[in-house]
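Participant: A predicted structure for the sequence below; I have some questions about it.
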Amino acid sequence: MTHYRFHILCCGGTGCKASNSAGIVRKFEAVLKEKNINDVQVITTGCFGFCEKGPIVKILPDNTFYVQVKEEDVENIINEHIIKGRKVERLLYTDPKANAHISDSKHMGFYKKQMRVALRNCGFINPEDIREYIARDGYAALGKVLSEMTPEQAIEEMKKSGLRGRGGAGFPTGKKWELARTLVPNAEQKYVICNADEGDPGAFMDRSILEGDPHSIIEAMAICGYCIGATKGLVYIRAEYPLAIRRLQIAIDQAREYGLLGKDIMGTGFEFDIELRYGAGAFVCGEETALIHSMEGQRGEPTIKPPFPAVKGYNGMPSNVNNVETFANVPVIYLKGADWFSKIGTEKSKGTKVFALAGKINNVGLIEVPMGTTLREIIYEIGGGIKGGKKFKAVQTGGPSGGCLTEKHLDTPVDYESLAAAKSIMGSGGMIVMDEDNCMVSIAKFYLDFTVDESCGKCTPCRVGNKRMNEILDKIIKGNGTMEDLDTLKNLANVIKDTALCGLGQTAPNPVISTLDNFYDEYLAHVKDKKCPAGQCKDLLSYVINPEKCIGCTACARKCPVNAITGVVKQPQTIDQEKCIKCGTCIDTCKFGAISKQ
Amino acid sequence: MAVKSLADLKKMSSEFKNTVSLRENGDNVDSLIQIKVAMATCGIASGAKEVMDFYLEELDKQGIKAVVTQTGCMGYCYAEPTIEVKLPGKDPIVFGHVNVEKASEILEKYIKNGELVEGIIPVNYETVK
Amino acid sequence: MDMIKITIDGRVYEVENGITVLEAAKRNGIKIPTLCHMNLKPINFVNKPASCRVCVVEMEGGKGNLVPACATDVRDGMVIKTTSARVLNARKTIVELLLSDHPNDCLQCAKSGDCELQSLAATLGIREIPFKGIQSTYKKDSTLSVYRDVDKCIMCRRCESMCSNIQSVGALSAVHRGFPAVVAPAFEAALGESSCVNCGQCVQVCPVGALTLVDNIGDVVKALNDPTKTVVVQTAPAVRVALGEEFGMEPGTIVTGKMAAALRRLGFNYVFDTDWSADLTIMEEGTEFLGRVKKFLAGDKDVKLPLFTSCCPAWVTFYEKNFPDLLDYPSTAKSPQGMFGAVAKNYFANKIGVKREDMVVVSIMPCLAKKSEVARPELGNGKDQDVDFSLTTRELAHMIKQYNIDLKELPEEDFDSPLGQSTGAAVIFGATGGVMEAALRTAYEVHTGKTLPKVDFMEVRGLEGLKEAVIDVDGLPVKVAVCYGLGNARKLMEEVRAGNPNGYHFIEVMACTGGCIGGAGQPYHHGNGEIIAKRMEATYREDAGKPIRKSHENPDIIAIYKEYYGEPNSHLAHEQLHTHYIDKSVKIEEVK
């Protein structure tokens, strides 16, 4: 057997793949072959999370973390690092504060505060090789549950762990399994459904898990099947996730080959198998009843609960729906015990949570932190603070259904209760940071645009109400808003929240409600003064030339696409506000800082 | 290939361990024995490759959890091959003129039992990162 | 019965366990408004998407949101508020939202006065809509029966439930999502190109003016005002038990005589009765049935049994579109409307010396599909149609009102002769099971030559959607089935396709709720199934009061065979009173 001196891990997540990580892998293999080096193994892994700096290449055993690697760098890495044992400094991550290279990812701010439970295998194993998963104690939890526990005991253990649904609502997983097991005792068939219809804009934790550690989902679904008494599992996955689909399918095939799916698993007589169902990428199909209808071939729209899926789910049979991240936690809980898991996190929110960190932040990427980590720690320590030294303004948690939290909320620990108390939600883990240049009215509209688009159109408040809110926001952004509009907006937001049929509709007004609560002044500025304090709303600002600074070079006039700038050469120019389309070209062109937005 | 029982799975898991052990060890490097072999031109010319291979194989055979990495020239070209050994919680020690035989002695005496052996290069240096 | 206590608006009520808050409130005199909800009990039609959110109420405990009364079951100790400030504000806001995306044309709308949204807006006192935004607009669309103006659609989905769950036609379903979501045929094709069979049950349940009938009053008025035309009218059996409702009379009031009087005052030259041709239908269809049975008994393996009735044009279109392989099974007899037209324009026109082209035949039907049936090429001579215009019960009521006639005050008058006299067997054509019973009355006596011991066949009566019975025809067991709702019909057709394992001989199918009495052209029932039960009761009352109750004893029928057709199923009868069916299966590629 070959003793490898080095493992070269190349991120094969969608983000790094998009920046040619596959080409990098091929190049590594080619150069190694050419140089006749055969004790170095190149492995394509799942996502490392630090997508901002992708493509990422990690070299072990010396734990060297190379960022933004290009195909041209490969030869250099092999010559220096592999052959000569010298790290390639220019490819190491530079700590922005210390302005020094950091070679070991464990010492990077981005990773220091993280705790990877759900993502434990992502960026570590080759997701297309079941042996690596098994080597990491994969399927041992399933084996343990099947051979050593009754379904009731296994459910009890899950309840004890305190794991709650990571899809948004935070329903206790053990309780959900218990209901699916007990509510309909003599069902002819039950189903375990994995909700992989990740739809929050910017959130990609479920995709990363499926791409980086697909076996953990298969194992967890089988455990769940044993607990609730189901022999069939279905993964509802969006067709826009081709890589996740491919890796999951490979993993399912391998698990079948190893007898870890199918009949008589590990000689215990337990039978379980999994099929994939593709979704067309409707946000609302993340709602479990809509998801089930979509799988049945019906229109993907929610129906009222009760009946809950635990009673009447897929094809009318009792079904248990958990999302990908929830399932990813399951095997570890049985391996390390409920007690180990329940020590992580806060009193009511146990374990860790994965967030997709995005927006005006230095370290964009996928992070996993213990519940209870504060927003400040996430934004400033893991996220490395605000981009370009700008001022923090707000952080939006929970995707389009969440609220915008401000400076005063920064010490809020992230857990289900604290976020709800701050009038936002955990959601599926989107976290978008905004700085002083973001207009909060526009932000509210941005999110509402999304929910208006994604509403299924079934219930009145969501179908018409959100559209009307969106129109009012548009009016305000264009400078036509009135004080009455603000009252109407408030009332609409509350009524929609109060009356919509499903979670999508009920939470759609959240961005409006929280920006009205926290940034009412900004709304007033738009409505009363017809000004956008952040300078984002085009209709509310004008570009002006300061005659004292303008030297009349006419560079701006020549660049203006609508010929709105006129004047005599070597004399100060002027902008015709009627013609100006506020494209900003003149500001970029002026070398003398003579043009400003007002 | 089918897994017939939990015991079967456990056996399989230990068989596959070495596919990821290099990575797992690298992840927990501070709590493990670390051996750095100087593998610059001077080191390779005087037989460092064989020493490295020896350690990779022998440690695995004996089931000792250790991280063997290579490093650049440590500056003791006169004493090549040189290796640096760091036991958990202790300061690193550099040995010179390490051939396979010497490597075996270092393994048996120092690494396994903490006994010092001859050939230590007493210096105040910093390894190349 | 398991009773529990709940509090509604501060008062404690004892209610049956397992019902909804909406139902519990209703039984105690609290009418929580709804728009999407509809529960038409006799046919198990339940539309409960809980999507309009008009019925939201406050429930103590729970997640804190308002809950829909229509889809929330009562629990012991439950505390509900239906009129708190929060509920009233939410309800009003929701109706305002619906109105904000609804054409503001109540005055011209066909549904004005019958519109549930209009009446709710009035109840809530909505005077102004605080939000003005874009309104969704779609193509207007029409068949010969159904007019679609989906700009008015409020997405209650009643039509969709009816079309898919009850009728199994599946022509209408929600398309698009979000604000543009609306109910439409697949690929937003025209309804006429879809699987629609024009039964019009969608129109009957639509709360607003999104689905209405195609109005032919103008055509009829024009004919009545044309001095060169002789205008003949026929009225279907189910019209007389429902028309009164449009004039404020109790459901179940029989207005046969007043209706004849009204028609005469409208200016029709001859006021005849489709009941007369219903008797004729029994002669033709009954004879056809006996013929097939005789062949069957003689060992003919190719004879097509069961025989299906063919009076209902929606049903005819349904099997033409869905079972083109089984077109030999239904009776070839034209519907009573069709037979009447053929007799009027061939026999009667000749008899009174009017040229065919100078005669206009108008039918008054409880039905929307009849509007499409009159245009079938098989029911004409290639130049003009046997029946020119078909009006519904509702249109007749409008017309009577437009002509300043107060139906209530009219005297009772008789139909004209010779196409006006009918038997009790014809009257019951209006209710589910009626055609079967009428056919059995005649078939029994013609087949056995004996007098029926009992005229009433109770086993085929009632509002059950699918009934079957074995009738002892003097020692010959005849297995029959009676159904309404095309979903039930589909089940039977699929059985026949699979070889008729239940061994049916004769099957009656009607598309609409309870048969023609629940037709789409009848006064709106607004979800009240009691109304249909009362029309049914009136139908059998009218039958029981008739001096003659068997079609073959109708003297005018006997006379016309003697004078004109010879005998049932004669060559001339086949030429004028029978038809054929055409494969009309919908090809998806063509729709696209």
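Facilitator: Yes, it's here.
Participant: give me the residue from chain A nearest chain C.
Facilitator: A:Gly457 (2.5 Å; C-beta to the nearest C-beta). (Glycine included, C-beta is placed from N, CA and C.)
Participant: neighbours of that residue, how many?
Facilitator: Using other C-beta atoms under 10 Å in any protein chain shown, A:Gly457 has 23 other residues around it.
Participant: so which bits of chain B are right by chain A?
Facilitator: B:1-6, B:8-10, B:12-13, B:16-27, B:29, B:38-40, B:52-53, B:56-57, B:60, B:67-72, B:128-129 (C-beta under 8 Å from any C-beta of the partner chain).
Participant: if we can go back for a sec, tell me if I am right that the residue of chain A closest to chain C is in a strand.
Facilitator: No - the assignment for A:Gly457, made by DSSP: H, G, I helix; E, B strand; the rest coil, is coil rather than a strand.
Participant: what residues are up against the spatially most central residue of chain A?
Facilitator: By C-alpha atoms, centre = their mean, chain A has its centre lying nearest to A:Ala203, at 2.0 Å. Counting by C-beta atoms under 8 Å, 6 or more residues apart in numbering or on different chains, A:Ala203 touches A:356, A:399, A:428-430.
Participant: in strands, which of the residues of chain B next to chain A appear?
Facilitator: Judged by DSSP state E, the subset of those located in strands is B:38, B:67-71.
Participant: can you give me how far stretch C:388-402 is from the chain middle?
Facilitator: Counting by C-alpha atoms, centre = their mean, to the nearest Å, stretch C:388-402 is centred 15 Å from the centre of its parent chain.
Participant: CA atoms only for it, dumped as CSV, please.
Facilitator: In CSV, the C-alpha atoms belonging to stretch C:388-402 read as follows (Å, rounded to 0.1, in the frame of the first residue of the first chain):
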residue,chain,number,x,y,z
ASP,C,388,-81.9,27.8,-32.8
PHE,C,389,-81.3,29.1,-29.3
SER,C,390,-81.1,27.7,-25.9
LEU,C,391,-81.8,29.8,-22.9
THR,C,392,-81.3,28.8,-19.3
THR,C,393,-83.7,29.1,-16.4
ARG,C,394,-81.8,32.2,-15.2
GLU,C,395,-82.0,33.9,-18.6
LEU,C,396,-85.7,33.1,-18.8
ALA,C,397,-86.1,34.8,-15.4
HIS,C,398,-84.2,37.8,-16.6
MET,C,399,-86.2,38.0,-19.7
ILE,C,400,-89.5,37.8,-17.8
LYS,C,401,-88.3,40.7,-15.6
GLN,C,402,-87.2,42.7,-18.6
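Participant: outside of it, which residues touch it?
Facilitator: C:213, C:215-217, C:219-221, C:223, C:238-239, C:242-243, C:246-247, C:259, C:262, C:266, C:337, C:360-368, C:370-371, C:373-374, C:407, C:519-524.
Participant: ChimeraX command to pick out the buried ones of the residues you listed?
Facilitator: The ChimeraX selection below is limited to those of those classed as buried (16 or more other C-beta atoms under 10 Å in any protein chain shown):
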select /C:213,216,220,223,238,239,242,243,246,247,259,262,266,337,360,361,362,363,364,365,366,367,368,370,371,373,374,407,519,520,521,522,523,524
